[in-house]
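coordinates only, sequence not included:
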């Protein structure tokens, strides 16, 4: 699997320069305008940073194992856990994007708890023209603030990221706001999801996931497995094993399509004892074998 693109690689690829503070292991945020001048095609891969993009112009977004169509304009949230790439169907007319790493929000809330950054959440929000004007205003204020010498400007910038996040979630009536007032079961559920996601991506430095069963996760969370199962069921409506299986299945599809690893190597990476066990698991979910899925 390709390693996630780092912020340093992004700056080099897009701007041919690297901010000095990136090497200081501190939080980072920056904001940019669209469109950019044409560059090299951007590969489908993970990034090790978060990104919130307002893009005006029809496009197609390859996101994990899905392809999402944007007819005119949208606000899009991407995170380090899910690989993606953009395919612009027409010239990008206007837009902005803000990038930041996890350290930028250290001790300032947990953006991962919001569904726009959750694997099963909504990540693409189509906007009308009035909504584009409102969101553009937030980005314009980001530009003003990042250029200011106000000592607490980064607190304001964090608030503006949250403003984008809440704006998107409020556009969908059915969306549930998460992370502000969670009970004990929801807290265990989100800790479980975070632990599940931390196992990915798989690469040369992290060649195999370690946690495969509900008991594995319960031990790491220091709770009884029955307690974990109740919390997960109460919060998601699904069993712990089903959620683990769904996540492993999604990762297996990504690896089959995006990596050069053979089926046995993928089975090992996903912690199946035998390749035949992985074949049976995959066929149960996809109704075809891993090899057939890869070749289609």
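On my side now, so go ahead. In this text the structure is predicted, and so the values were computed from the model without any measurement.

show me where pLDDT drops low in this protein?
Scanning the chain with the threshold set as pLDDT under 70 gives 1-2, 23-25, 38-41, 65, 119-120, 173-182, 204-205.

From residue 214, how far off is the residue lying farthest from the centre of it?
Largest separation from the mean C-alpha position in the chain: residue 149, at 31.7 Å (CA atoms, centre = their mean). Distance, residue 149 to residue 214, by CB to CB, to the nearest Å: 52 Å. All C-beta atoms are positioned from the backbone trio N, CA, C, and that covers glycine.

Quick test: name the residue nearest the centre of the protein.
Closest-to-mean residue, the chain, CA atoms, centre = their mean: residue 79 / 2.8 Å.

thinking again about what came up before, did I read that right, the residue farthest from the centre of the chain in a helix?
No: assigned with DSSP: H, G, I helix; E, B strand; the rest coil, residue 149 falls outside any helix and is coil.

Tell me how far it lies from residue 32.
From residue 149 to residue 32 the distance is 21 Å (CB to CB).

got it, and residue 203?
27 Å.

which residues does residue 238 contact?
With contact set as CB atoms under 8 Å, 6 or more residues apart in numbering, residue 238 has these partners: 232, 246.

and it, helix, strand or coil?
Per three-state DSSP, residue 238 ends up coil.

What are the boundaries of the strands in this structure?
Applying DSSP state E to the chain gives strands spanning 29-34, 50-56, 59-63, 66-70, 73-78, 84-88, 94-100, 124-126.

So which of the ones you listed is the most surrounded?
Among these, strand 73-78 has the highest mean neighbour count (mean count of other CB atoms under 10 Å), at a mean of 24.

ok, and what's touching that one?
47, 50-57, 59, 61, 63, 70, 84, 95, 116-117, 123-127, 132, 135, 164-165, 167-168.

Between the strands of the chain, which one is closest to residue 286.
strand 66-70 (14.7 Å; CB to CB).

Show me what that closest one is packed against.
Contacts defined by 3 or more CB pairs under 8 Å, 6 or more residues apart in numbering; DSSP states H and E place strand 66-70 against strand 59-63, strand 124-126.

Format those strands as CSV; extra columns: distance to residue 261.
What follows is the helices and strands packed on strand 66-70, written out as CSV (distance: least, CB to CB, whole Å):
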stretch, distance to residue 261
strand 59-63, 20
strand 124-126, 29
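
for those, which one sits closest to residue 191?
Taking the helices and strands packed on strand 66-70 one by one with CB to CB, strand 59-63 is closest: 24.6 Å.

quick one, that closest one and strand 73-78 angle?
20 degrees (axes from the mean of the first three to the mean of the last three CA atoms, to 10 degrees).

Strand 59-63: partners in the sheet, and parallel or antiparallel?
Paired neighbours of strand 59-63 in the sheet (DSSP bridges): strand 66-70 (antiparallel), strand 84-88 (antiparallel).

Those strands into a markdown table, with extra columns for distance to residue 266?
As requested, the strands paired with strand 59-63 are arranged in a markdown table below (distance: least, CB to CB, whole Å):
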| stretch | distance to residue 266 |
| --- | --- |
| strand 66-70 | 20 |
| strand 84-88 | 20 |
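
next one: stretch 8-17 to chain centre, how far?
Offset of stretch 8-17 from its chain centre (CA atoms, centre = their mean, to the nearest Å): 21 Å.

Any buried residues in it, and which?
The neighbour-count check on stretch 8-17 (16 or more other CB atoms under 10 Å) flags 10-11 as buried.
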